[in-house]
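> the following block contains a protein sequence and its predicted model.
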Amino acid sequence: MTSESEEKMISKNSVDSPYVEEGNSGGNVGGNGPLKKGPWTSAEDAILIEYVTKHGEGNWNAVQKHSGLARCGKSCRLRWANHLRPDLKKGAFTPEEERRIIELHVKMGNKWARMAAELPGRTDNEIKNYWNTRIKRRQRAGLPIYPPDISMQALNENQHNENMDNFSTGDIRHSDFLCMNVFETPQFNGIELNRQLYSPCPS
DNA sequence: AAATAGAGCAACCGCTTGGTT
DNA sequence: AAACCAAGCGGTTGCTCTATT
């Protein structure tokens, strides 16, 4: 969450969120009590930013121990990676990024972290949310998940690569993946949608 | 103006992976 | 080689906002 919506969330949190009942006006920090869950407050953000700036990323459980934040290491890592990192891009995906995401998904499937590595300033969570939303939209519109041109492009690239190198990289070989995945997106197995999808696979 | 539905997003949970002892 | 632990990843949930009725 960023800027505007975050401000809303924070102000809401400070007014009537159940989490506030823990006695954490401005964030339940510094306690040895139970770890806090739910939306982060700006006070908690500030503590996390300060800690990571000083000590660097990694060793997330130490963050909880030494900064006084009542958050588990996992939660700290996620908050930092998705919202506080200074190199994050804010705002909607550009058309170029959208196209890139589709291309990457054709090649990699639901490997959000790997996709994020190819899109500087974007997070795996952001890409995952974008993709899931996009799939729903296209399903509603009766459109294929992958635009035909991108499917074909990826398929061609793959065939080329397979000729160059018979090794599988450990991922699903992507021609197989294309045949399978265009029709069987994990979230929508068994849904009528598939009938309407474009098939890039020779029968 | 109020109620409802749907979309979007942040955060959590559980599993996997990789490193250390 | 096995056990343990921390970090990372992907799926899912739940909350808020917005559009529609």
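Perfect, I can see it now. These numbers were taken from a predicted model, which means no experiment stands behind them.
> can you give me the helices in chain A?
According to DSSP state H, chain A carries its helices in the segments A:3-16, A:42-55, A:60-67, A:73-79, A:95-108, A:112-117, A:124-141, A:148-164, A:174-181.
> let me see the domain layout of chain A.
Listed domain ranges for chain A are A:3-84, A:95-196 (source: automatic domain parsing).
> model confidence for the closest residue to residue A:108 other than its chain neighbours, exactly?
Ranked by Cβ to Cβ, 6 or more residues apart in numbering and with sequence neighbours excluded, the top spatial neighbour of residue A:108 is residue A:114, at 5.5 Å. Placement of C-beta: from N, CA and C, glycine included. The model reports residue A:114 with a pLDDT of 88.
> next: residue A:139.
Taking residue A:139 on its own, its pLDDT is 77.
> same thing with residue A:158?
pLDDT at residue A:158 comes out at 65.
> count the neighbours of residue A:108 for me.
17 (other Cβ atoms under 10 Å).
> my guess is it meets residue A:116, correct?
No - using Cβ atoms under 8 Å as the test, residue A:108 is too far from residue A:116 to be in contact (10.8 Å).
> any idea how many residues pack against the closest residue to residue A:122 other than its chain neighbours?
Excluding the flanking residues, the one nearest residue A:122 by Cβ to Cβ, 6+ apart is residue A:116, at 5.6 Å. A count of nearby residues for residue A:116, using other Cβ under 10 Å, gives 20.
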